[in-house]
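**Q** Sequence and predicted structure below; questions after.
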Amino acid sequence: MLIAKIIMKFKGKITELLKKIGANREEVVVKVNGKVVPEICELEGDEEVEIIRVVADV
Amino acid sequence: MFSVKCSLCKKDGAVYLPYMKKVLCEGHFVNFFEKRVFRTVREFKMIRKGERIAVGYSGGKDSTVLLHILSKLRKTHPFELFAITVDVGIPGYSDRLVEVAREECKKLGVEHRVVYFKKELGFTTADIYKSGRSPCSYCGVFRRRLLNVAAREEKADKLAIAHTLDDVAQTVLMNIMRNEPLRLVRLVEPVVDEEAFVPRIKPLLRTPEKEVVQYALIKNLPFQTKGCPGMRVAFRHEIRKMLNALEEKHPGTKLKILNSFLSMERLMRKGLEGEELRIGKCKICKEPSSTEVCMFCKRKEEISSSRVITGC
């Protein structure tokens, strides 16, 4: 298990952001401004987004 | 942010469940998550009232969540609960896990025992790593043995393991791909007459790993977030990647694998002779084993003969 946080700003759907960075939806949890959110949310660009890996990469 | 509302109330959604096409707010998700674990415990008759249940508690996310849920369950369904942590001896990693485990058990009022590789085996996972071997296959075998022995010494009726839906779905596929039907059949319910073997239960059997993390984050549970530095499980990792890719494309795949396995497992049990499924005793250590010499003794012998560890 590994939780690696990437904090970034992005405008658009979270699912698009995940695609852009090559993350599988099943392997990450997304937090926006410190709260766990559904990946189907849309970001306005001024939020603090954390992408947390839920599985270890080997 | 343009939030999405909970499918059950008007609150902001926290978790999307693609296999149900539903969004749940924090409260409804926590409720859904806990109920599913409680239902799983009932479905497989995992815990009976008054039983003494040991939890294999590493301090990682899965076992932390399991300990919290079982601790909650015992309030309405009385049973004894205690935790066992195995310190595998990886500097800067195991010590933190043990520390988290101690703190949580104290907070929850759960009895806690720590078992050390160094004391019980004479070497640690760090030593195995130094010897140039892939540590996971050794560490897993040793941990399972020490957990079973500690649970038995503590007179546990069952040993709860935090295997999630992901772990089980991966194991099912791995056993099929390795052509190990007997291991497959023993996955959920081993056939053991031996009193030396503490029956294992997997209350998170129907719970996806991702939701375990979501639950832990929402409930603000403290857990070790650092990955094991010695992790080298190439085949399982490949299967995990493949399953996650399938799950993303076809939500519900992991659950379907589990359900198919449970249906097949009943039929396979009927088709196999009792003796084939039965677990005997290792001729060296006399502990439960499906082979003449158990994996623990084989692995221990390999490690004991290693020059790095013995210092020869």
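**A** Received, thanks.
**Q** for the residue nearest the centre of chain A, helix, strand, or coil?
**A** By Cα atoms, centre = their mean, chain A has its centre lying nearest to A:Ile51, at 3.3 Å. What DSSP: H, G, I helix; E, B strand; the rest coil gives for A:Ile51 is strand.
**Q** From A:Leu17, how far off is it?
**A** According to Cβ to Cβ, to the nearest Å, A:Ile51 and A:Leu17 sit 8 Å apart. Backbone N, C-alpha and C define where each C-beta goes, glycine included.
**Q** cool, B:Lys286 as well?
**A** 56 Å.
**Q** Likewise for B:Gly50?
**A** Going from B:Gly50 to A:Leu17 by Cβ to Cβ gives 50 Å.
**Q** Could you tell me how many residues sit around residue 22?
**A** No chain specified, so I'll use chain A. 6 (other Cβ atoms under 10 Å in any protein chain shown).
**Q** nope, chain B
**A** B:Lys22: 17 neighbours (other Cβ under 10 Å).
**Q** For it, give me the backbone phi and psi.
**A** Phi and psi for B:Lys22, reported as degrees, to the nearest 10, are phi -130, psi 150.
**Q** Identify the residues contacting it.
**A** Listed by Cβ atoms under 8 Å, 6 or more residues apart in numbering or on different chains, the contact set of B:Lys22 reads B:Ser7, B:Leu8, B:Tyr16.
**Q** Please apply the same query to B:Arg200.
**A** B:Lys158, B:Leu159, B:Ala160, B:Ile161, B:Pro190.
**Q** shaky segments in the chain?
**A** In the absence of a named chain, chain A is used. Along chain A, segments meeting pLDDT under 70 span A:1-8, A:56-58.
**Q** other chain: chain B
**A** For chain B (pLDDT under 70), the answer is B:188-194, B:227, B:229-234, B:273-278, B:306-312.
**Q** and A:Gly12, bridged to which residues?
**A** Note on A:Gly12: beta-bridge partners by DSSP bridges are A:Leu43.
**Q** Could you double-check that it sits in contact with A:Leu43?
**A** Yes - with contacts counted by Cβ atoms under 8 Å, A:Gly12 reaches A:Leu43, the gap being 6.3 Å.
**Q** Counting neighbours around each, name which of these two comes out higher.
**A** A:Leu43 (21 against 12).
**Q** which residue ranges form the helices in chain B?
**A** B:26-43, B:61-76, B:94-108, B:117-121, B:125-130, B:135-153, B:165-177, B:181-185, B:209-218, B:234-249, B:253-271, B:274-277, B:295-304, B:307-310 (DSSP state H).
**Q** right, so the ones you listed: which one is the most enclosed?
**A** helix B:209-218 (a mean of 24; mean count of other Cβ atoms under 10 Å in any protein chain shown).
**Q** related to what we said a few turns ago, just name the closest of the contacts of B:Arg200 to chain A, please.
**A** B:Ile161 (15.0 Å; Cβ to the nearest Cβ).
**Q** Pretty sure the closest one sits against B:Ile201.
**A** Yes - between B:Ile161 and B:Ile201 there is a contact at 7.2 Å, judged by Cβ under 8 Å.
**Q** Which residues lie in contact with B:Leu17 in this structure?
**A** B:Leu17 neighbours (Cβ under 8 Å, 6+ apart): B:Val23, B:Leu24, B:Glu211.
**Q** shouldn't the first one be in contact with A:Ile40?
**A** To tie it back to what came earlier, the one meant is B:Val23. Yes - look at B:Val23 against A:Ile40 with Cβ under 8 Å: they come within range, at 7.1 Å.
**Q** The two: who's more crowded?
**A** B:Val23 (23 against 14).
**Q** bridging residues for that one?
**A** Beta-bridge partners of B:Val23, as defined by DSSP bridges: B:Tyr16.
**Q** For A:Arg25, see how far away it is.
**A** Relative to A:Arg25, B:Val23 is positioned 14 Å away (Cβ to Cβ).
**Q** just B:Val55 next, same as before
**A** Distance from B:Val55 to A:Arg25, by Cβ to Cβ: 30 Å.
**Q** Repeat that for B:Glu238.
**A** B:Glu238 sits 19 Å away from A:Arg25, taking Cβ to Cβ as the criterion.
**Q** How about B:Ile279?
**A** If you measure B:Ile279 against A:Arg25 using Cβ to Cβ, the figure is 39 Å.
**Q** Now do the contacts for A:Leu18.
**A** By Cβ under 8 Å, 6+ apart, the neighbours of A:Leu18 are A:Asn24, A:Arg25, A:Val28, A:Val30, A:Glu39, A:Ile51.
**Q** what about it, which helix or strand?
**A** Element membership for A:Leu18, per DSSP states H and E: helix A:14-20.
**Q** Just want the angle from the very next helix or strand once past that helix to helix B:209-218.
**A** Toward the C-terminal end, the helix or strand that comes next after helix A:14-20 (DSSP H and E) is strand A:28-32. Angle of strand A:28-32 versus helix B:209-218, following axes from the mean of the first three to the mean of the last three Cα atoms, to 10 degrees, is 30 degrees.
**Q** distance between strand A:28-32 and the chain's centre?
**A** 4 Å (Cα atoms, centre = their mean, to the nearest Å).
**Q** so what strands line up beside the helix or strand following it?
**A** Where DSSP H and E defines the elements, the next helix or strand beyond strand A:28-32 is strand A:35-36. Strand A:35-36 sits in its sheet next to strand A:28-32 (antiparallel), going by DSSP bridges.
**Q** Can you tell me what sits against the strand it pairs with?
**A** Contacts of strand A:28-32 (Cβ under 8 Å, 6+ apart): A:14, A:18, A:36-37, A:39, A:41, A:43, A:47-54, B:1, B:210, B:213-214, B:217.
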